[in-house]
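Enquirer: when you get a sec, could you give me coordinates for this:
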Amino acid sequence: MEPISRVTAPTVDVLKVLLSSSAPVWGLAIIKVTGRLPGSVYPILERLERLGWAESSWDVDTDRSGPRRRLYELTAPGAAAAVRTCHQFEVRSHTRLVPVTS
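Expert: Residues are numbered from 1 along each chain as shown. Prediction:
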C-alpha cells in the first residue's frame with residue numbers, strides 16, 4: 001500500500017464516508033453524502049484503489065433496473081491509514097484556524 005501524496009478536504013470527505021460504512025458503498029452514494037462533484041469523487045476513488053487503500057466490485061443486484069453499480073470499500077490497511085490520515089488532516093486544519101496569542 002502506498003501513501004497518499006496530497007491529502008485534500010475532498011479526499012478526507014471520501015475517506016470518512018468509507019470509514020463510516022460497514023458495507024461497500026456505491027460511488028453515487030458517496031457523492032450524495034459528501035456533496036462533492038463526481039469529477040472530484042471518482043478520481044479520488046480511483047486513486048485510493050491504485051494505492052491499495054480501497055477496492056471495488058460490481059453490485060450483483062439483478063432485481064434493480066439501470067446500470068450496474070460500482071461499490072467501494074477500504075482494505076484493512078487502507079482503513080487504518082484512513083483513520084490516521086483523517087485525524088492528521090483535522091489536526092492540521094484546526095491548528096491553522098486557531099489564532100496564536102502571546
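Enquirer: where along the chain do the strands fall?
Expert: Counting by DSSP state E, the chain has strands at residues 25-26, 54-58, 70-74.
Enquirer: quick one: closest of the ones you listed to residue 42.
Expert: Relative to residue 42, the nearest member of the strands of the chain by CB to CB is strand 70-74, separated by 9.1 Å. All C-beta atoms are positioned from the backbone trio N, CA, C, and that covers glycine.
Enquirer: mind checking how far the closest one is from the chain centre?
Expert: 9 Å (CA atoms, centre = their mean, to the nearest Å).
Enquirer: given it, what are its sheet partners and their directions?
Expert: Strand 70-74 pairs in its sheet with strand 25-26 (antiparallel), strand 54-58 (antiparallel), by DSSP bridges.
Enquirer: and these as CSV, adding mean pLDDT?
Expert: Formatted as CSV, the strands paired with strand 70-74 follow (pLDDT from 0 to 100):
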stretch, mean pLDDT
strand 25-26, 96
strand 54-58, 96
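Enquirer: quick check: which of these is nearest to residue 89?
Expert: strand 54-58 (17.1 Å).
Enquirer: could you pull out the buried residues of the closest one?
Expert: residue 54 (16 or more other CB atoms under 10 Å).
Enquirer: contacts for that strand, please.
Expert: Residues external to strand 54-58 that are found in contact with it (CB atoms under 8 Å, 6 or more residues apart in numbering): 18, 24, 45, 48-49, 68-75, 78.
Enquirer: just to revisit the earlier point, what would the strands of the chain look like in a markdown table with distance to residue 32?
Expert: Formatted as a markdown table, these follow (distance: least, CB to CB, whole Å):
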| stretch | distance to residue 32 |
| --- | --- |
| strand 25-26 | 9 |
| strand 54-58 | 18 |
| strand 70-74 | 14 |
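Enquirer: coming back round to it: do you know which of the strands paired with strand 70-74 lies nearest residue 41?
Expert: Short answer: strand 25-26, nearest of the strands paired with strand 70-74 by CB to CB, at 10.8 Å.
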